[in-house]
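# Here you go, sequence then predicted model.
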Number of protein chains: 2
Amino acid sequence: MEMAQYGRTPQGGVNRQALSTEDAMARRVLVTWAELLGLTVGTDVVGNLFMRLQGTNPEAAPVVTGSHIDSQPTGGRFDGVYGVLAGLEAIQAIREAGIVPKRSLELAVWMNEEGSRFAPGMMGSSVFSGSRTLDSVLSVIDAQGISVGQALEEIRNEFPDIPLWPLERRLHAYIEAHIEQGPVLEREGITIGVVTGIQGKRTFRVSVSGEEAHAGTAARSERRDALLAAVELIQAIKALCEDDEDLVKFTVGRLDVKPNAPSVVPAEAVFSIDLRHPDSSKLQSLGDQLLDLCAYEYERCAVSIQELSAAPSLEFPDSIRSLIRRTAEDQSISCMDILSKAGHDARYLHYVCDTGMIFIPCKDGISHNEAESATERDLADGARVLVGVLLGLST
Amino acid sequence: MEMAQYGRTPQGGVNRQALSTEDAMARRVLVTWAELLGLTVGTDVVGNLFMRLQGTNPEAAPVVTGSHIDSQPTGGRFDGVYGVLAGLEAIQAIREAGIVPKRSLELAVWMNEEGSRFAPGMMGSSVFSGSRTLDSVLSVIDAQGISVGQALEEIRNEFPDIPLWPLERRLHAYIEAHIEQGPVLEREGITIGVVTGIQGKRTFRVSVSGEEAHAGTAARSERRDALLAAVELIQAIKALCEDDEDLVKFTVGRLDVKPNAPSVVPAEAVFSIDLRHPDSSKLQSLGDQLLDLCAYEYERCAVSIQELSAAPSLEFPDSIRSLIRRTAEDQSISCMDILSKAGHDARYLHYVCDTGMIFIPCKDGISHNEAESATERDLADGARVLVGVLLGLST
């Protein structure tokens, strides 16, 4: 709740976008808490933040937990930040119990998971894991024209004393705790979701180019109305994405019109597409059909589409899933297997080390929303299971 | 071309929105020019600007000409400002010819015709003519939350020496020169359009309310996606507005999505509707059917619609139209009758005095676009006809 003060919104949510002033304030308080626990703090060139409890064998690759502290513009108090604070809590509990693990334990805060200020998201974890290059993200700009590179420099200047750790490091394992962001655990009355994998996702940016004209004089037959073209295209994609099983997730979350004036026929409409499906092959074919739909003109307007990211569905290794399950059972905390329908930094860490995720229920399954909530009991139980899993991996 | 410097855009257009800094600069230069001509300058509480050449009978109601100097965000160099500068040129020519008309001649610059910064447009002329109350426009705010009242006060402070004239004044006649904003005159090879009337227009603001949700987790059947709902509604209205004669003008010029983030299901979509038709009864019935379409839910989202303005089609009086026609013929300048498909301040002046409009061709009929253009010859011919019409009305 203290962390939710940084970027709090009048409706009780959080607006703490990547590398913003609010993000810097939240990093400041986290670093303070970590230093009080005697953790070693480091960062890297892409703005990820690390807090390390030294193990008895400092040469061994560390066991890492964490998540992100950036939020959607009208986000909640739990998405991302729960994984970071549960990790801090777990490390504190281990330290206060007098346990010194063999492997170092690290708490990671990945830069820009949400991708709302700078698209696409999961920037820090994807660059850390080598899935994207540093150069490819530095030039990304926000709506004000500020680049990731500039914003990173400002954050660096805020924390001149935090040393720069190398971007390429070997990790032993990565565990991320997170709210489910869906209704399943709550509905089933189960506390811990043992995440089996992450559903695949492809994201696109579509630009429709028409021609500006006067709303009172230009005849319909002569118009090239970019907004009406976008509307027609979105309807077509929506029809493509309707499945009986209700598994396809198709979202146009962002749409910007130019010049966006009531009596001017729009010259340009740019929109985002977020497409997900648990079955990688289905995701692939749907995305390809979507690309096909964009090969036509709509309302005499040209369409161009750019694929921003493509991630197939993935499965976390059995060893990690079993460890989470056993740890919950040992503590008599209920658990069940669950697929993550949302993307997480764990997606990228999965490429470089054994990775798993622990879900806890959230109220009514609501997320990316200021009303996001979770019970103290569930939050604490998630951290309890995390303690056991981290110890299991580090000793 | 000098006036086009105030608010000029890199693409050669103009962005000079109502009561902006650019508007203030343009007013400054106009006032300077008017004072050099010995005109008396005045303003009123709604920010209209007047420049008067005193007649021999100062008690007689004045003959007024003019238009507006505000533009669309990516507007051109001629829409509105041509009528103001042609009026200034006409008054200068009359003065330099040593003619002192019986009635005073006034050049009017109406505040906020375009309605792009503050909606709806034609604010100055509608309040001047008593069609809207002053109070109803003062509280209108722009995208930054600045009200018309505040912006008016700033403009007043810029020009403390200009006296405030009463809002309610009797006018003898009003003549507005303007580019056609359509392709007819150019296509027919005619210089002067004798405007028969103005096509009717109804404008609306539609709000669609859904629920914010996570793009990866919320199932289609559970979503209340405000953007998909808006898309469906816009498609339905578009279908309603398709006529074989291609007379209906239907434009969604503005659409704003909240929170407008790629991986969040939109909670709100607000869009503008601009609906026009030369036949008032057809406009009425189409607008009413459109209201009916908004009485339903789309994608489980609630829709609310507000009518912002409703203006029936109108005809200018024969006396003024004949005077314009005769004046053009006397000068051997070609002319033809033409309907104005765009709205103009003349719409509101028409309610309080004999009113008419003079159109001249514009390149390719393009308007509300940075590429807007017109020839020197046509611009000058329009001013020549205006001189004759003003003299005909003032003596």
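Yep, it's here. Model, not experiment: these values are computed from the prediction. Residues are numbered from 1 along each chain as shown, chains lettered A, B, ... in the order given.

# switch to C-alpha atoms for all contacts and neighbour counts from now on
Fine.

# Over in the stretch 1-150 of chain A, which residue gets nearest chain B? Let me know.
A:Ser116 (5.7 Å; Cα to the nearest Cα).

# ok, that residue touching A:Gln17?
Yes: with contact defined as Cα atoms under 8 Å, A:Ser116 reaches A:Gln17; the gap is 7.2 Å.

# Could you name every residue contacting both of the two?
Contact criterion Cα atoms under 8 Å, 6 or more residues apart in numbering or on different chains; residues shared by A:Ser116 and A:Gln17: A:Ser71, A:Gln72, A:Pro73.

# By neighbours, which of those wins?
Using other Cα atoms under 10 Å in any protein chain shown as the neighbour test, those are led by A:Ser71, with 29 neighbours.

# Now do the same contact list for it.
So A:Ser71 contacts A:Val14, A:Asn15, A:Arg16, A:Gln17, A:Ala18, A:Asp79, A:Gly80, A:Glu114, A:Ser116 (Cα under 8 Å, 6+ apart).

# Let me know the secondary structure of it.
A:Ser71 carries the three-state label coil when classified by DSSP: H, G, I helix; E, B strand; the rest coil.

# ok, now how distant is it from B:Gly115?
Distance, A:Ser71 to B:Gly115, using Cα to Cα, to the nearest Å: 35 Å.

# Residue in the stretch 101-250 of chain A with the shortest distance to chain B?
A:Gly216 (4.6 Å).

# Quick check: closest non-adjacent residue to that residue.
B:Ala342 (4.6 Å; Cα to Cα, 6 or more residues apart in numbering or on different chains).

# what's the one you found in contact with, if anything?
A:His214, A:Ala215, A:Gly216, A:Thr217, B:Gln181, B:Ile198, B:Gln199 are the contacts of B:Ala342 under Cα under 8 Å, 6+ apart.

# and if you look at A:Met1?
A:Arg77.

# Now do it against A:Val109, distance only.
18 Å.

# What strand or helix carries the most centrally placed residue in chain A?
Centroid-nearest residue in chain A: A:Glu113, 3.6 Å away (criterion: Cα atoms, centre = their mean). Assigned by DSSP states H and E, A:Glu113 falls within no helix or strand.

# Tell me the one of the shared contacts of A:Ser116 and A:Gln17 nearest B:Asp135?
A:Pro73 (34.9 Å; Cα to Cα).

# mind listing what that closest one touches?
A:Pro73 makes contact with A:Val14, A:Asn15, A:Arg16, A:Gln17, A:Ser116, B:Pro259, B:Ala261 under the criterion Cα under 8 Å, 6+ apart.

# Tabulate the residues you listed (a markdown table), appending pLDDT.
Formatted as a markdown table, the contacts of A:Pro73 follow (pLDDT from 0 to 100):
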| residue | pLDDT |
| --- | --- |
| A:Val14 | 97 |
| A:Asn15 | 97 |
| A:Arg16 | 97 |
| A:Gln17 | 96 |
| A:Ser116 | 90 |
| B:Pro259 | 93 |
| B:Ala261 | 92 |
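
# near chain B, which residues of the stretch 101-250 of chain A?
A:116, A:181-182, A:212-221, A:227-228, A:231-232, A:234-235, A:246-250 (Cα under 8 Å from any Cα of the partner chain).

# out of the residues you listed, which are buried?
A:116, A:181-182, A:212-220, A:227-228, A:231-232, A:234-235, A:247-250 (16 or more other Cα atoms under 10 Å in any protein chain shown).

# how about the helices of chain A, start to end?
A:21-36, A:81-96, A:123-128, A:134-138, A:148-158, A:184-188, A:226-240, A:280-293, A:318-330, A:346-349, A:376-394 (DSSP state H).

# Reformat those helices as CSV; add mean pLDDT.
Converted to CSV, these look like this (pLDDT from 0 to 100):
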stretch, mean pLDDT
helix A:21-36, 96
helix A:81-96, 97
helix A:123-128, 97
helix A:134-138, 95
helix A:148-158, 97
helix A:184-188, 96
helix A:226-240, 98
helix A:280-293, 96
helix A:318-330, 98
helix A:346-349, 96
helix A:376-394, 98
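
# Which among those helices is found nearest to B:Met336?
helix A:226-240 (33.6 Å).

# Check which helices and strands the closest one sits against.
strand A:200-209, strand A:268-277, helix A:280-293, helix B:226-240 (3 or more Cα pairs under 8 Å, 6 or more residues apart in numbering or on different chains; DSSP states H and E).

# Of the ones you listed, which stretch is the most buried?
Stretch with highest mean neighbour count among the helices and strands packed on helix A:226-240: strand A:268-277 (a mean of 24; mean count of other Cα atoms under 10 Å in any protein chain shown).

# Let me know whether A:Val63 touches A:Glu176 as I believe.
No: using Cα under 8 Å, A:Val63 makes no contact with A:Glu176, being 11.2 Å away.

# Return the residues in contact with the closest residue to A:Tyr348 other than its chain neighbours.
Distances taken as Cα to Cα, 6+ apart place A:Ser126 nearest to A:Tyr348, at 5.4 Å, with adjacent residues excluded. The contact partners of A:Ser126, taken as Cα under 8 Å, 6+ apart, are A:Arg132, A:Asp345, A:Tyr348, A:Leu349.

# My read is that the third one contacts A:Ser129, right?
What it means is A:Tyr348. Yes: here A:Tyr348 lies in contact with A:Ser129, judged by Cα under 8 Å, at a distance of 6.1 Å.

# Relative to its centre, which residue of chain A is most distant?
Chain A, farthest from centre, Cα atoms, centre = their mean: A:Thr217 at 46.3 Å.
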